[in-house]
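Undergrad: Need a 3D model of the sequence below.
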Amino acid sequence: MKNISLLALIGTPLLVLGETSITSISIESKTIFTKVDTEITVNVEWNETTIFADGDVLVWKVFDEDDTSLYTNSLQLKVDEELPTSLSGTVNIKKGGRVKLKASLSLSDIDVTNAEEQFQAYSPGASLVPLVIIIVLSATTGIVELSLLGGIFIGACMVSGSFTGGFKSTLDTYLIGSAADEGHAFVVLFCFFLAGLVALMEKSGGFRGFANALSQVAKTSRSGQAAAFIGGFIIFFDDYANCLVNGGTMTPILDAMGVSREKLAFIIDATAAPIASFIPLSSWIGYEIGLIETEIQKIIEIEGTDELFISKSGFTVFVKSIKYRYYSIYMIMFIPVLIYLKRAFGPMLVAERKVFAYARTDGGDGAFKGMQGLLKANAPSDDTPALLMNFLFPLFFLIFFIFYELVKSGDDGTGTQSLYAKIESSDSYVALLYGTMATSLLSMLFYMIQFKKNGQLTAPTPKSFTKMCGLTPEEQTEESVPVSLMTVKEGVDSFIFGQAKIFPAIMILILAWAVGAIMKDVGTDRLFKIWILESGMHKGSLPTLSFLISMLIALATGTSWGTMAIMFPLITAPTYVAADGDARLFYATISSILAGAIAGDHMSPISDTTILSSLASECDLLAHIKTQFPYALNVALWSVLFGTLPIGMAPKYPNWIAIVLGLIAMVLTVVFLGVPIASKSGDFDIVTELYMKFRKLPDLEKLKIDTINKVAEEESESEKKPVDIEIDA
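TA: Here you go, the predicted model:
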């Protein structure tokens, strides 16, 4: 059921024979579903001098354009009561197209005022058209920006009823509206500032220092992969930075250890988004909290009260949803199981076997060096010392400033709040914005006051400071004078470079926000409300439904953030109503949107993080998609069976049981579906073996034989080692 508000402003005294006129009309909803009850609310603003007689009858009616009565109601007035300011009714429109609704008021059979407004009416299923357009265009063109823009334009045409109106409102209502929203501006600036900070850390040599520190503990294939996995945890603050930095630094290390590029790209990609979406200090949190808080405000407006059975803080809802993000949790458990057991299945097994059997140290067949130059555009100079402190310093202050601002912005000044209460009441937008910018400025200064000569830090001379500021006219080099680790110009250029690198992602973000707005206007949220509340669907299916729909949208569009912007307006408010006081069901559904978006992102060939992981790991994109897809699909399946489905259907199902069962499922999957990379029999996993029975694959048959020979060769060498040791002893 949909609300339409007709506002009648009556500006003259109401007498039995008096006249009045409407000065303005506002329409709350923009479209109507045919053959669905639509609630009409006539809001009347009465003049203070309006008078009426005791017992007068106020009648309000709603007509269509043919003056056919759709709804009539009346109210007997009393002089000791105030005039009603809200008059409601229900209509049911049978035909689609442009519909003109008329509302009239009369008092004791004397017409007082009337109003009319035009709407676009169509069947509920038509509200899915923009979403279908987005999915189809994404699948056929692979251009996310074009796909999102196409969906916005079609939706705008549906709302306005014309191509001209759709073109205009696409620009001046939806795109400008999304970019100009204050909350969206906070998120955009925060993302820009964090991207700039990441670029500064890279330019300073801090990432090289971090890579060198990791390489000290990465001595074998297993420990090298573990180091890449742990690196994903350390670079938690941004998934883009995680992909680019961790992938770029670990590629040569794992190449030398005989790990395929496909495996590295998988570890990087599958770790980046889940970790960034977990940690309340990452680039994801501002965006996620913004979406959540927007929907909470809508729920408050719908309920007419701020006394909700869920937290009113977007930050708190975010934190409480983390434990229900089963796909992300299971994936984080799945990766170390694969690494520790040295097993694989599907195309990943083939990629790993080729590197193992032929002792390759070039990353294998999946290696791709065509875009390597893009990774070096902001690289530090060769003589810049690789210092771990230049990585840890910004990280420490980023955490400190954000945490400080969270506590400060949530302090009500009474002195009685707990730390948790302050964080719950905090303004996360402000904390993230101030924290990232303060850290960026402080880090830039920190890098500028470090001076190098011959690849080592050293004390500066007076000329070092003039060169740092760009005031030295003649060319100065390290041989003549110590130079700054980063001059003012280099710092500013690097900061801007980092921001420019994420500009395409910001464009997608703004388009995704606009898609969320258009989905609401065409009524997709109302369609979901009908499905959820009026179709008889069990409310316990909401977490699973949300996960699967989010996964499919992200798979088609390639953007997890865009998927969240589309799904939150569609699912959140109907879920709150359907949950009927079950806070756990609400939090689980919210988390399923986030987890499903990441799952689809991992499977999509046009995903930004998928492409970045391939780029940073110098892995062929198709090879990365082909090897990662079965893993992501497998984890998604278990997250539904042991996570979203029972947590929604069984109110007493403990969350810790879901986590334990997920871990068991991950281990059993790797043990029974996967096979050892270094297999004595050379056999592949059962699915690959079945496929080989129906189709002759000479390359795989040869690889099987070569694997057997390689294992035998290594066993022969290992048997000789103890003998050599005994002789030497």
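Undergrad: got a pLDDT number for Ala180?
TA: Looking at Ala180, its pLDDT reads 88.
Undergrad: my bad, Lys219
TA: With respect to pLDDT, Lys219 has a value of 75.
Undergrad: On the three-state scheme, it is what?
TA: Following DSSP: H, G, I helix; E, B strand; the rest coil, Lys219 is assigned to coil.
Undergrad: ok so Lys102 is a strand residue?
TA: Yes: assigned with three-state DSSP, Lys102 falls within a strand.
Undergrad: Which strand residues bridge it?
TA: Phe63, Glu116 (DSSP bridges).
Undergrad: The residue nearest to Gly674 when sequence neighbours are not counted: what's it in contact with?
TA: Excluding the flanking residues, the one nearest Gly674 by CB to CB, 6 or more residues apart in numbering is Arg343, at 3.7 Å. Every residue, glycine included, has its C-beta placed from N, CA and C. Contacts for Arg343 (CB atoms under 8 Å, 6 or more residues apart in numbering) come out as 670-671, 674-677.
Undergrad: would you turn the residues you listed into TSV with neighbour count and distance to Phe403?
TA: Formatted as TSV, those follow (neighbours: other CB atoms under 10 Å; distance: CB to CB, whole Å):
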residue	neighbour count	distance to Phe403
Val670	21	37
Val671	12	41
Gly674	20	41
Val675	22	46
Pro676	17	45
Ile677	24	43
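Undergrad: now the residues you listed as CSV including distance to Ile292, secondary structure and pLDDT?
TA: Shown next, in CSV, are the contacts of Arg343 (distance: CB to CB, whole Å; DSSP: H, G, I helix; E, B strand; the rest coil; pLDDT from 0 to 100):
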residue, distance to Ile292, secondary structure, pLDDT
Val670, 35, helix, 93
Val671, 38, helix, 93
Gly674, 37, coil, 90
Val675, 43, strand, 90
Pro676, 44, strand, 91
Ile677, 42, coil, 89
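Undergrad: low-confidence ranges in the stretch 101-250 of the chain?
TA: For the stretch 101-250 of the chain, the stretches with pLDDT under 70 are 108-113, 142, 215, 237-238, 240-241, 244-245, 248-249.
Undergrad: thinking again about what came up before, quickly note the distance from the residue nearest to Gly674 to Ile705.
TA: 20 Å (CB to CB, to the nearest Å).
Undergrad: so which helix or strand takes in the closest residue to Ser679 other than its chain neighbours?
TA: In this structure, Ser679 finds its nearest non-sequential neighbour in Thr707, 6.2 Å apart by CB to CB, 6+ apart. Applying DSSP states H and E as the criterion places Thr707 in helix 698-728.
Undergrad: That helix - what's its average pLDDT?
TA: On average, helix 698-728 scores 72.
Undergrad: three-state assignment of Ser681?
TA: Looking at Ser681 with three-state DSSP, the answer is coil.
Undergrad: Could I get the contacting residues of Ala344?
TA: Applying CB under 8 Å, 6+ apart, the residues near Ala344 are 263, 338, 352, 674-675, 677, 685.
Undergrad: List phi and psi for it.
TA: In this entry, Ala344 is assigned phi and psi values of phi -160, psi 170 (degrees, to the nearest 10).
Undergrad: Quick check: the gap between the residue nearest the centre of the chain and Ile502.
TA: Residue closest to the average C-alpha location in the chain (CA atoms, centre = their mean): Trp561, at 3.0 Å. According to CB to CB, Trp561 stands 11 Å off from Ile502.
Undergrad: Same question for Thr384.
TA: Distance of Thr384 to Ile502, given as CB to CB: 24 Å.
Undergrad: Equivalent analysis for Val687, please.
TA: 38 Å.
Undergrad: Which one's more surrounded, the two?
TA: Each of Val687 and Ile502 has its neighbours counted (other CB atoms under 10 Å); Ile502 has more, 23 against 13.
Undergrad: contacting residues around Ile402?
TA: Applying CB under 8 Å, 6+ apart to Ile402 gives the contacts 281, 431-432, 435-436.
Undergrad: The helix or strand of the chain with the lowest mean pLDDT: what's the following helix or strand?
TA: Lowest by mean pLDDT, DSSP states H and E among the helices and strands of the chain is strand 2-9, with a mean of 44. Counting by DSSP H and E, the next helix or strand C-terminal to strand 2-9 is strand 31-33.
Undergrad: what's the average pLDDT for that next one?
TA: 85.
Undergrad: What strands line up against that strand, and which way round?
TA: Applying DSSP bridges, one finds strand 31-33 paired with strand 110-122 (parallel).
Undergrad: Pull out the buried residues from the next helix or strand after the partner strand.
TA: The helix or strand immediately downstream of strand 110-122 is helix 129-141, counting by DSSP H and E. Neighbour-count burial for helix 129-141 flags 129-131, 133-135, 137-138 (criterion: 16 or more other CB atoms under 10 Å).
Undergrad: do the same with stretch 659-668
TA: 659, 661-663, 665-666.
Undergrad: And stretch 121-128, by the same measure?
TA: Neighbour-count burial for stretch 121-128 [16+ other CB under 10 Å]: 121-122, 124, 126-128.
Undergrad: Quick one: the strands in this structure, in order.
TA: Applying DSSP state E to the chain gives strands spanning 2-9, 31-33, 37-45, 57-63, 69-76, 86-92, 97-107, 110-122, 343-344, 451-453, 456-457, 483-484, 675-676.
Undergrad: looking at the ones you listed, which is buried most?
TA: Among the strands of the chain, strand 343-344 has the highest mean neighbour count (mean count of other CB atoms under 10 Å), at a mean of 24.
Undergrad: Can you give the strand pairings for that strand, parallel or anti for each?
TA: By DSSP bridges, strand 343-344 pairs with strand 675-676 (antiparallel).
Undergrad: Now do the partner strand: everything it contacts.
TA: By CB under 8 Å, 6+ apart, strand 675-676 touches 341-345, 349, 683-685.
Undergrad: Kindly reformat those residues as JSON lines containing pLDDT and distance to Thr524.
TA: Shown next, in JSON lines, are the contacts of strand 675-676 (pLDDT from 0 to 100; distance: CB to CB, whole Å):
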{"residue": "Leu341", "pLDDT": "93", "distance to Thr524": "44"}
{"residue": "Lys342", "pLDDT": "91", "distance to Thr524": "47"}
{"residue": "Arg343", "pLDDT": "92", "distance to Thr524": "43"}
{"residue": "Ala344", "pLDDT": "91", "distance to Thr524": "41"}
{"residue": "Phe345", "pLDDT": "92", "distance to Thr524": "38"}
{"residue": "Leu349", "pLDDT": "91", "distance to Thr524": "41"}
{"residue": "Asp683", "pLDDT": "87", "distance to Thr524": "49"}
{"residue": "Phe684", "pLDDT": "88", "distance to Thr524": "44"}
{"residue": "Asp685", "pLDDT": "87", "distance to Thr524": "41"}
